[in-house]
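Peer 1: Sequence and predicted structure, then a few things I'm wondering about:
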Amino acid sequence: MKRLAACAVGIVAATPFATLAEASGTRGVNVCRIGQMRLAIGSLVSEKTEQHTAAFALHNLARRACSLRGYPSVTLLDAAGRVLPFRYGHRGDQMVTAAPPKWVTVTGGGSAYFELNKNACVSYTSRAATEIRVRPPGVQGALSLPLPH
């Protein structure tokens, strides 16, 4: 995975969580808890544009299924632990869906996926994202993951 470099003003699009099965309604939904999830880097994405798309997976470590609905909150940090000032949007583009979030069921041992992308930088900066922090929707706490250099 390429390094996520920071632009002076960046726009990062995020997709809502996607899995193979949608939760059927909201009654009795077992919302995923942070302690049962693990964040990992997802599959590489073949770009159709000058963007950089990064895929991530949230693995359900529990045996029991749980559900998520909405967009994850994402924070990118540089090597000094400073937040990179990206503006996040959910409008979609050629690589990321504009579909609104729906309830998704993450089976026991299964995964939910989301993507971030950013447009090509038009100015140079030496700051690069070295860590991502993700707070799944409706979940207390966040998961962190070092990013490859």
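Peer 2: Yep, that arrived.
Peer 1: distance of the nearest residue to residue 82 once chain neighbours are set aside from residue 81?
Peer 2: In space, and not counting its chain neighbours, residue 82 is closest to residue 127: 7.7 Å by C-beta to C-beta, 6 or more residues apart in numbering. All C-beta atoms are positioned from the backbone trio N, CA, C, and that covers glycine. Between residue 127 and residue 81 the distance, using C-beta to C-beta, to the nearest Å, works out to 12 Å.
Peer 1: Which one's more surrounded, those two?
Peer 2: Here residue 127 and residue 81 are set side by side on neighbour count (other C-beta atoms under 10 Å), and the busier one is residue 127, at 17 against 8.
Peer 1: From residue 84, how far out is that one?
Peer 2: Plainly put, residue 127 is 6 Å away from residue 84 if you go by C-beta to C-beta.
Peer 1: all strands for this protein, in order.
Peer 2: Taking DSSP state E as the test, the strands found in the chain are 4-5, 10-14, 21-22, 37-41, 52-60, 66-68, 73-77, 86-89, 104-106, 111-118, 128-129, 131-135, 143-146.
Peer 1: Out of the ones you listed, which gets nearest to residue 98?
Peer 2: When these are compared for distance to residue 98 using C-beta to C-beta, the nearest one is strand 10-14, at 8.8 Å.
Peer 1: Pull the number of nearby residues for residue 101.
Peer 2: 16.
Peer 1: I misspoke; the intended subject was residue 113.
Peer 2: The burial metric for residue 113, expressed as a neighbour count using other C-beta under 10 Å, is 17.
Peer 1: what pairs with it across the strands?
Peer 2: When bridges are taken as DSSP bridges, the partners of residue 113 come out as residue 18, residue 57.
Peer 1: and it, how far is that from residue 142?
Peer 2: In this structure, residue 113 and residue 142 are 18 Å apart, going by C-beta to C-beta.
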